[in-house]
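Colleague: Next come a sequence and a model predicted from it.
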Amino acid sequence: MTQTPQDQSDRPVIRLKPKANARAIRHGSPWVFDNELVTDRRTKKIAAGGIATLEDAGREVLGTVAVSPGSRIFARILDRDPTAQIDVDWFKTKLQAALDHRARLFDAPFYRLIHAEADGLPGVIIDRFGDTAVIQPNAAWAEAHLDLLTEALMQVTGVTTVLKNAAGRARQLEGLDAENAVLRGAAPDAPVHVPMNGATYLADLTGGQKTGLFYDQRPNHAFAAGLSKGARVLDVFSHVGGFSLAALASGASSALAVDGSAAALALAEGGADAMGASDRFSTRKGDAFDVLTALNEEGAQFDVVICDPPAFAPSKRALEPGLRAYERVARLAATLVAPGGYLGLCSCSHAATIDKFRSASIRGIGRAERSSQLIHTGFAGADHPMHPQLAESGYLKSLFFRILP
């Protein structure tokens, strides 16, 4: 159900417990957990996605928040102003600030426009593909205000089509549905061609993973491409050819993309064809660990090997098995790198800190009996800003090693 803007005087008030850390919120922390609040019967009756005023234990107002009573994250800070009206103009201000930043970064409208809390819209992801935008409203308040957000998005950016992507674990935690939708315009009837790092990618905006393309790896694609002129490149967990197509655009002699999804590999092949690089590109469908093992048994060697797996450690509970999986990837991949070649290892697990991920990667390379130099550490692109008070927003890490002769 879509809400209309709520008058501030009608808003419910939620209050922190005396021992809750109000200072953290004043210093910018964007979340308030359920165990930090006085959750009486009145508070629990607030509708999911409702707007409320947050006070500290001394009844001093801290700001305007969105409420999700059934979630561990009970409230998300929307505005430090307790009188803020969450209307079209409020959304337009947030969107314009985000657009101004991206316009300085890119000369074409293909980027992440909104990166959730870091862009002042908690739980909201918006990726832009030219005249089409894909919204992931991953919090109840965003779902409730989706019409207002969509209208503001079209006014600020001029996009003509807006799609809703409802996939992902975050929506389940908020009690939201998993149904995609066309919010405005008409869904593209073919994959969208996306220019990036000199390559052409095909993004399936209605049936692909997430919003259709992973923009966050753009600077890491570029770094790997810079190592790839004249090189034999292996791109494992390739999705639509993120690293391999960038390498081909930089003059790689050949690139092999490995993924478990036939649909993703078909899009990668389409991208290579659009670039006129099909003769240098091949794919191999299968479980990445199985393919890495098979390539080792075949005695294959590559000058550049990149592994960009899904989140092996999506939570603290999964951290230890996740780190073992990263170590295994590093071990299997390192043996495929020709002496003097390069190995790129990536992690999108926010629970695996850069230190832990680096240690697991180095252990894996050591277990492969290879010596290495760490030459570069990369993160998400600048269209994926990190919220200074939210470590989860800095999830992406990439490590590039030179495997010594």
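Modeller: Received, thanks.

Colleague: Leaving out sequence neighbours, find the closest residue to residue 115.
Modeller: Residue nearest to residue 115 in three dimensions, not counting chain neighbours: residue 384, with 5.0 Å by Cβ to Cβ, 6 or more residues apart in numbering. Where you see a C-beta, it was placed from the backbone N, CA and C, and this is true even at glycine.

Colleague: How many neighbouring residues does that neighbour have?
Modeller: 24 (other Cβ atoms under 10 Å).

Colleague: Go ahead and confirm it touches residue 218.
Modeller: No. Using Cβ atoms under 8 Å, residue 384 makes no contact with residue 218, being 9.1 Å away.

Colleague: So what does residue 96 look like in phi/psi?
Modeller: With angles defined as degrees, to the nearest 10, residue 96 shows backbone torsions of phi -70, psi -40.

Colleague: Once you drop chain neighbours, what's closest to it?
Modeller: Closest to residue 96 by Cβ to Cβ, 6+ apart is residue 156, at 5.3 Å.

Colleague: Look up the pLDDT of that neighbour for me, please.
Modeller: Each residue has a pLDDT score; the one for residue 156 is 98.

Colleague: Buried residues, the strand or helix carrying it. List them.
Modeller: Using DSSP states H and E, residue 156 maps to helix 146-157. Buried residues in helix 146-157, counted by 16 or more other Cβ atoms under 10 Å: 146, 148, 149, 150, 151, 152, 153, 154, 156, 157.

Colleague: Identify the residues contacting the helix or strand just after that helix?
Modeller: Next helix or strand after helix 146-157 toward the C-terminus (DSSP H and E): strand 161-164. Applying Cβ atoms under 8 Å, 6 or more residues apart in numbering, the contact partners of strand 161-164 are 131-137, 146, 150, 153-154, 180-188, 205-206.

Colleague: Would you map out the domains in the chain?
Modeller: Following the assignment in automatic domain parsing, the chain carries domains at 8-79, 88-184, 192-403.

Colleague: Now residue 170. Nearest residue, chain neighbours left out?
Modeller: Using Cβ to Cβ, 6+ apart, the closest residue to residue 170 is residue 138 (3.9 Å).

Colleague: residue contacts, the one you found?
Modeller: Under the criterion of Cβ under 8 Å, 6+ apart, the neighbours of residue 138 are 116, 123, 124, 125, 168, 170, 171, 174, 176.

Colleague: rerun that using 10 Å as the cut-off
Modeller: By Cβ atoms under 10 Å, 6 or more residues apart in numbering, residue 138 lies in contact with 116, 122-125, 165-174, 176.

Colleague: Show me the residues you listed that map onto helices.
Modeller: Using DSSP state H, the members of these that fall in helices are 169, 170, 171, 172, 173.

Colleague: just checking, the last one touches residue 48?
Modeller: No. With contact defined as Cβ atoms under 10 Å, residue 173 does not reach residue 48; the gap is 11.7 Å.

Colleague: where's residue 328 relative to residue 280, distance?
Modeller: Counting by Cβ to Cβ, to the nearest Å, the separation of residue 328 from residue 280 is 29 Å.
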